[in-house]
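Enquirer: From the sequence below, what's the structure:
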Amino acid sequence: MSSSTSASSSSSSLTTSSSTTSSSTVVSSTSTSSSSAPVTTRIAPPPRKFSAFTSFAMSAVAACTACIFTNPMEVIKTRLQLDGEGSNIHQQQQTSTTTTNTSSSSSSSSKSTSSSTLSSSTTPRVRQYTGVTNAFVSIARTEGIRGLQAGLLPALAYQITMNGCRLGFYEPMQHIVHDLGIDVTVPSGKALSGALSGGIGAILGSPLYLVKSRLQSQSQYFKAKEIHHYKGLRDGLTQIYTKEGIKGLFRGVDGALPRVMCGSATQLASYDTAKIYVHNTGFFSQAIMEHFVASLLASLLTVTVMNPLDVISTRLYQSAGKATKYTGPIDCFIQTVKREGITALQKGWLAQYARLGPHTILTFIFLEQIKALLLRLDKDDGK
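Expert: Below you'll find the predicted structure:
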């Protein structure tokens, strides 16, 4: 592989293939006369190949296509994260240990312990699913494909809005960040661009995610701590707006914003960086395999970083301030850890990866293929 290809590849952002990568334009240090001192300039991001609208549309199509395949795992992930919410399992374990170690305590302490046990017995069953496989089998058996695809319409609408912005505006955002004097060819610059585009998508898509999460947990076979009764996307949005106004539609956005920004920064920066590294190894002869490996590595890192934030976000969206009351993300974090232990923040990790892993891989592969197709069509039209 020539050195010019490697240099070109290292500045490429979400390019379609190694050939596309090698054609990216890079602004390097300007040549100077022998009498002049060397001039150091920032490396510019690759030139924009598509308009912001085209990038948005391509990203929306890619994300929606991936969503059809991965929505069942999103349903399972949502229910696993809500399973046992507010059950006081961590406190019950501590109470049980304390009771065992103080069996010779006074009768007043015994009455207090009995009262605590009685109170705990009124809480919902601690866990309704034992894991991903059990949840999948249980939902498939009792609710069928309709249960596994619960909330699909709002999920698709959310993908159009959130990932259309997050992925579609990533490249334009790199140019904005570059104009602010930040190097976007390094991971930190890529991460900042991804966080900003992700933040836009998170805010605009928040009402859709709110209804999606509540519809996916809504079932006669699953008892969430707080239950909603929506007929669908439109009815859900209408009910929320009627009861709580605009503020209600954006309930949980304070938890979603850091989650999506963090996840977007991690995913896009790691994908871009991994793709450059994989391409430079020269191990794969086909660009699609480079995209597959890069997106696989990015998905592993992304899920690990964002899952605790996702647990908090899911619970904030589910809560309407009735059966569960959180003042914000920090309060939800404290209550979750206090009641269920620190491991509760990793609830649904496997389901999260089973969804986000394939979704990341499929989205990037579909997106790269769509980009390559449009570039070929544009080239043919130019002949």
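Enquirer: For Phe222, give me its contacts.
Expert: By C-beta atoms under 8 Å, 6 or more residues apart in numbering, Phe222 lies in contact with Arg79, Asp83, Gln128. Quick note: C-beta positions are derived from backbone N, CA and C, even for glycine.
Enquirer: now with 7 Å?
Expert: Phe222 makes contact with Arg79, Gln128, according to C-beta atoms under 7 Å, 6 or more residues apart in numbering.
Enquirer: got it, and Gly201?
Expert: The contact partners of Gly201, by C-beta under 7 Å, 6+ apart, come to Thr161, Met162, Asn163, Cys165, Arg166, Val260.
Enquirer: Over to Pro329?
Expert: Asp254, Gly255, Ile312, Leu316.
Enquirer: residue contacts, the second one?
Expert: Under the criterion of C-beta under 7 Å, 6+ apart, the neighbours of Gly255 are Ile312, Ser313, Leu316, Pro329, Cys332.
Enquirer: from the residues you listed, which two are the most distant?
Expert: Largest separation among these by C-beta to C-beta: Ser313 and Cys332, giving 8.8 Å.
Enquirer: which residues of the stretch 51-200 of the chain fall in helices?
Expert: 52-82, 89-101, 107-121, 132-148, 152-158, 164-168, 170-179, 187-216 (DSSP state H, counting those that start in this stretch).
Enquirer: Show the contacting residues for Gly151.
Expert: By C-beta under 7 Å, 6+ apart, the residues touching Gly151 are Val75, Lys212, Leu215, Gln216.
Enquirer: The helix or strand where Leu377 lies packs against which elements?
Expert: Using DSSP states H and E, Leu377 sits in helix 349-381. Helices and strands touching helix 349-381, by 3 or more C-beta pairs under 7 Å, 6 or more residues apart in numbering; DSSP states H and E, are helix 52-82, helix 132-148, helix 287-318.
Enquirer: related to what we said a few turns ago, when Ser313 and Cys332 are compared, which one has more neighbours?
Expert: A count of neighbours by other C-beta atoms under 10 Å puts Ser313 above the other of Ser313 and Cys332, at 27 against 23.
Enquirer: give me the element the closest residue to the more buried one other than its chain neighbours is part of.
Expert: Sequence neighbours aside, Gly255 is the residue nearest to Ser313 in space, at 4.0 Å (criterion: C-beta to C-beta, 6 or more residues apart in numbering). Using DSSP H and E, Gly255 sits in helix 253-281.
Enquirer: tell me the angle that helix makes with helix 287-318.
Expert: Helix 253-281 and helix 287-318 are oriented at 170 degrees to each other (axes from the mean of the first three to the mean of the last three C-alpha atoms, to 10 degrees).
Enquirer: Report the mean confidence score over helix 253-281.
Expert: In this model, helix 253-281 has a mean pLDDT of 92.
Enquirer: Now do the buried residues in that helix.
Expert: By neighbour count on 16 or more other C-beta atoms under 10 Å, the buried set for helix 253-281 is 253-276, 278-280.
Enquirer: which regions of the stretch 101-250 of the chain lie under the pLDDT threshold?
Expert: Counting by pLDDT under 70, the stretch 101-250 of the chain shows low-confidence ranges at 101-126.
Enquirer: What distance do you get for the nearest residue to Leu148 once chain neighbours are set aside to Arg146?
Expert: Among residues not flanking Leu148 along the chain, Pro72 sits closest, at 3.9 Å (C-beta to C-beta, 6+ apart). From Pro72 over to Arg146 the distance is 11 Å, taken as C-beta to C-beta, to the nearest Å.
Enquirer: for Leu237, same thing?
Expert: Distance of Leu237 to Arg146, given as C-beta to C-beta: 21 Å.
Enquirer: Out of these two, name the residue with the larger neighbour count.
Expert: Between Leu237 and Arg146, Leu237 has the larger neighbour count (other C-beta under 10 Å), namely 18 against 9.
Enquirer: mind saving the C-alpha coords of the host helix or strand of that one as PDB?
Expert: Leu237 belongs to helix 233-249 when elements are defined using DSSP H and E. C-alpha atoms of helix 233-249 as PDB (Å, rounded to 0.1, in the frame of the first residue of the first chain):
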ATOM      1  CA  LEU A 233     -47.300   6.600  18.500                       C
ATOM      2  CA  ARG A 234     -49.900   9.200  17.800                       C
ATOM      3  CA  ASP A 235     -52.000   8.400  20.800                       C
ATOM      4  CA  GLY A 236     -48.900   8.300  23.000                       C
ATOM      5  CA  LEU A 237     -47.800  11.800  21.900                       C
ATOM      6  CA  THR A 238     -51.300  13.100  22.200                       C
ATOM      7  CA  GLN A 239     -51.800  11.800  25.700                       C
ATOM      8  CA  ILE A 240     -48.500  13.100  27.000                       C
ATOM      9  CA  TYR A 241     -49.100  16.600  25.400                       C
ATOM     10  CA  THR A 242     -52.600  16.800  26.800                       C
ATOM     11  CA  LYS A 243     -51.600  15.800  30.300                       C
ATOM     12  CA  GLU A 244     -48.100  17.400  30.600                       C
ATOM     13  CA  GLY A 245     -47.700  19.800  27.700                       C
ATOM     14  CA  ILE A 246     -44.500  20.400  25.800                       C
ATOM     15  CA  LYS A 247     -42.500  19.700  29.000                       C
ATOM     16  CA  GLY A 248     -43.900  16.200  29.200                       C
ATOM     17  CA  LEU A 249     -42.900  15.400  25.600                       C
END
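Enquirer: what's that helix packed up against?
Expert: Helix 233-249 sits against helix 152-158, helix 187-216, with contacts defined as 3+ C-beta pairs under 7 Å, 6+ apart.
Enquirer: I figured the residue nearest to Leu148 hits Gln149, correct?
Expert: Yes. Pro72 lies in contact with Gln149 (C-beta atoms under 7 Å); the separation is 6.3 Å.
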